[in-house]
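*Asks:* Got a predicted structure plus its sequence, pasted below:
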Amino acid sequence: MKKLIALLLSVCLFAACCGCDLFGGDSSADTSSKKTSSTGSEDNSSVDNSDSTDSSDGDVSDTSSSVNRGSVDLSGDPSKSYLIPDDEEDYSLREQVVEWGTSTPTLETAWEKMTLPHLKTSTDEIAATMRKNVIDSKNSDYKAKGYTGTTYYISAKGDDSNDGKSEKSPIKTTTALARIPLKKGDAVLFERGGVWRLSRAIVAVEGVYYGSYGKGEKPALYGSPDNYAKAEYWKPANLKNVWKLGISDTSIGLVVINNGEIVGKRKADGILSLEKNGDFYFNRQMSTLYLYCDAGNPGKVYTDIEACLNKAAFDVNRVAGVTVDNFKIKYFGRLGVDLAAADNSVVSNCEVGFIGGASQNATTRLGNAIQMWQGCDGHLVENCWTYQIYDTGLTPQGDSLTPKQRAKFGTHEEDYKNITYRNNLIEYCALSIEMWHGNHNDDKGGKWNYTDAVFENIHIENNVSRLAGYGWSSMPGQRPDPHGEHLIFYAHAYPYARNVYIENNIFDLCDAWICRWEFNLNYSEDTNDSTRKKVNGVVTPINNNYKNGIWIIRNNTYYHGKNRSGGINWYGSQKTGSGQTSLENIIKQFDQSPAKVVWID
């Protein structure tokens, strides 16, 4: 009898000790949701209660800050561990991993080894040329662009005791950069060949240029604090083939192994749900990442393991005149370049890959490459390459400010004006280009209400969008809506639109709709008195818009074939192609003069 009681007590003690590991503790399975945030870092379409409780109101702090998240190695030395305070926003990185000449390859070097299909398409040669143009882009003449103030240099071979004011005395870390009192007109140049692993975004200063100097590969910004392919970092968990790593963050939604040969599948139900190589589970309360690897210690099996934190590379929030030029931005679980109400901003010559998957809040995962949130007047994205993005490659989107946010940030028109996306390569994203604006919120979140936000003078031109819905986020189990669309336009509250040009682009294969068009009411402009009026009825781009100069869609090339959905989807009508003739008829309802339409059987 005593032995039986002892056995029962042992079982109970074991369950209490390892229950969080085995069954996920605070986790629950993914389901479906839609965009709810007003915090300026959207979205998308996947519920996950495993590791985030962020509020949807931008004025409410993360309720998870009261949780003791333990410690994390941020130095590259497993013997060094730093406590993260309760208020994460007050946390300053004490030691940053900076590498020289160890930048991981671009996507194409691991292309053929990827577990995802490498599809041969009509634009392979064009895409290869565009990738090369981005990768080989030279340092820009920033002074000719008006940045004539002080130039600061940051190098992986620098020293933070330097003043950073010359190439001979560069600083080393972004921690030191944050201490420099930058002013409008200044420039910050990162030396090529270096890799900076960030645990928090570089906060842009108004009117400052961020770019590159020197020779070699673009300066790389990575959202994984270290390359975790080191045997000493991993310990066996209490389940066969499962290994654990100490790392702390609000959310880890993406693990990339060997430069993309394996893209981990995130599980929300604890370590018992880990079944295949690459499956991972993150327990935020225990500051532990669990990874399934049946060949032994992952640090010995793999050469590169990137655990992507819930961060962005750049935070360009309500500051004007900022340029981000010539960076390689990879392995961020939140966003690549996070812009919000950033007038006259430029992102150019950048490679942005493997972004997203982290929890935005208790209901939503997110991940866009280059995002403009809550309006702007003047924004250019040019000669960039975005790939393997959880959600969207390029996007202007967001909800209106709440009354509290208006009191905090001041008034902003919240319109999206004078935005240009030009000469970009967008591939292997769930969505290529997405555009929407939401509601006028009350401070409690409220419901979707009508808004007078405007999309005006938008130019989407000379881009190549390919293989939407064929990237890592569309693999089974990654998101509940693994669709792929080149263009998606919708609004919860039906914004006005004027002079939106979609011209001379190539749209090559997607897993669902070429365009998903969800305006079910048309708001056009009365050209006599410039007052806006509502026009009832189903919208198609042809029947109501061209005559008023609202949507100008022409001279685009389309390659499409049989997939899960069809050709064009707009409110009240789904146009599904089944061959060359039907596809041509569908496209003519969208594009007034297409350059080429090709059905791929």
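*Replies:* Looks like it arrived, so ask away.
*Asks:* Quick one: the helices in the stretch 101-250 of the chain, in order.
*Replies:* 124-135, 174-177 (DSSP state H, counting those that start in this stretch).
*Asks:* what does the first one rub up against?
*Replies:* Under the contact criterion CB atoms under 8 Å, 6 or more residues apart in numbering, helix 124-135 has outside partners 106, 108, 218, 349-351, 383-385, 423, 425, 427, 464, 466, 506. Any C-beta I mention is one placed from the backbone N, CA and C, and that applies to glycine too.
*Asks:* Between those residues, which sits nearest residue 325?
*Replies:* residue 349 (5.5 Å; CB to CB).
*Asks:* what sits against the closest one?
*Replies:* With CB under 8 Å, 6+ apart, residue 349 has these contacts: 134, 137, 140, 325-326, 382-384.
*Asks:* Please apply the same query to residue 326.
*Replies:* Residue 326 neighbours (CB under 8 Å, 6+ apart): 137, 139-140, 211-212, 218-219, 348-350.
*Asks:* Pick out the most distant pair among those.
*Replies:* Longest span within these, CB to CB: 219 and 348, 14.3 Å.
*Asks:* Who has more neighbours out of those two?
*Replies:* Neighbour tally, residue 219 and residue 348, criterion other CB atoms under 10 Å: the higher count belongs to residue 219, 26 against 21.
*Asks:* thinking again about what came up before, and the helices of the stretch 101-250 of the chain as TSV, adding mean neighbour count, mean pLDDT and distance to residue 556?
*Replies:* Below are the helices of the stretch 101-250 of the chain laid out as TSV (neighbours: other CB atoms under 10 Å; pLDDT from 0 to 100; distance: least, CB to CB, whole Å):
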stretch	mean neighbour count	mean pLDDT	distance to residue 556
helix 124-135	16	94	14
helix 174-177	20	96	40
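*Asks:* how near is residue 457 to residue 294?
*Replies:* Distance of residue 457 to residue 294, given as CB to CB, to the nearest Å: 55 Å.
*Asks:* Neighbour count: these two, which is higher?
*Replies:* The neighbour comparison of residue 457 against residue 294 (other CB under 10 Å) goes to residue 457, with 16 against 11.
*Asks:* for the helix or strand encompassing the more buried one, which positions count as buried?
*Replies:* Using DSSP states H and E, residue 457 sits in strand 454-461. Judged by neighbour count using 16 or more other CB atoms under 10 Å, the buried positions of strand 454-461 are 454-461.
*Asks:* Turn these into TSV, including distance to residue 126.
*Replies:* Formatted as TSV, the buried residues of strand 454-461 follow (distance: CB to CB, whole Å):
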residue	distance to residue 126
454	34
455	28
456	30
457	27
458	24
459	20
460	17
461	15
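*Asks:* Tell me which of the contacts of residue 326 fall in strands.
*Replies:* When DSSP state E is applied, the contacts of residue 326 are split such that 211-212, 348 fall in strands.
*Asks:* Low-confidence stretches in the stretch 451-600 of the chain?
*Replies:* 451-452, 491-496, 518-549, 563-567, 569-575 (pLDDT under 70).
*Asks:* let's go with 80 and repeat that
*Replies:* 451-454, 480-482, 490-498, 517-551, 562-578, 589 (pLDDT under 80).
*Asks:* Just the strands from it, written as ranges.
*Replies:* According to DSSP state E, counting those that start in this stretch, the stretch 451-600 of the chain carries its strands in the segments 454-461, 464-468, 485-489, 496-503, 506-510, 515-517, 522-525, 532-535, 551-554, 557-561, 568-570, 573-575, 596-600.
*Asks:* tell me what the last one is packed against?
*Replies:* For strand 596-600, the elements it packs on are strand 557-561, helix 580-588, judged by 3 or more CB pairs under 8 Å, 6 or more residues apart in numbering; DSSP states H and E.
*Asks:* Touching that strand from outside, list them.
*Replies:* In contact with strand 596-600 (CB under 8 Å, 6+ apart) are residues 122, 509, 557-561, 577, 579-580, 583-584, 587.
*Asks:* rerun that using 7 Å as the cut-off
*Replies:* Residues from elsewhere that reach strand 596-600 (CB atoms under 7 Å, 6 or more residues apart in numbering): 122, 557-561, 577, 579-580, 583-584, 587.
*Asks:* Include distance to residue 101 and mean neighbour count when you put the helices and strands packed on strand 596-600 into JSON lines, please.
*Replies:* Compiled in JSON lines, those are given as follows (distance: least, CB to CB, whole Å; neighbours: other CB atoms under 10 Å):
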{"stretch": "strand 557-561", "distance to residue 101": "39", "mean neighbour count": "20"}
{"stretch": "helix 580-588", "distance to residue 101": "48", "mean neighbour count": "17"}
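*Asks:* Which one of the buried residues of strand 454-461 is nearest to residue 601?
*Replies:* When those are compared against residue 601 (criterion: CB to CB), the nearest one is residue 460, at 28.4 Å.
*Asks:* Contacts only, for residue 319.
*Replies:* Residue 319 makes contact with 204-206, 342, according to CB under 7 Å, 6+ apart.
*Asks:* among the residues you listed, who's most crowded?
*Replies:* Neighbour max across the contacts of residue 319 (other CB under 10 Å) = residue 342, 29 neighbours.
*Asks:* Tell me the pLDDT of that residue.
*Replies:* Note on residue 342: pLDDT of 95.
*Asks:* Who is the nearest residue to it once chain neighbours are set aside paired with across the strands?
*Replies:* Closest residue to residue 342 apart from its sequence neighbours, by CB to CB, 6 or more residues apart in numbering: residue 316 at 4.5 Å. Counting by DSSP bridges, residue 316 is bridged to residue 339.
*Asks:* right, and residue 316 touches residue 204 too?
*Replies:* Yes - between residue 316 and residue 204 there is a contact at 4.3 Å, judged by CB atoms under 7 Å.
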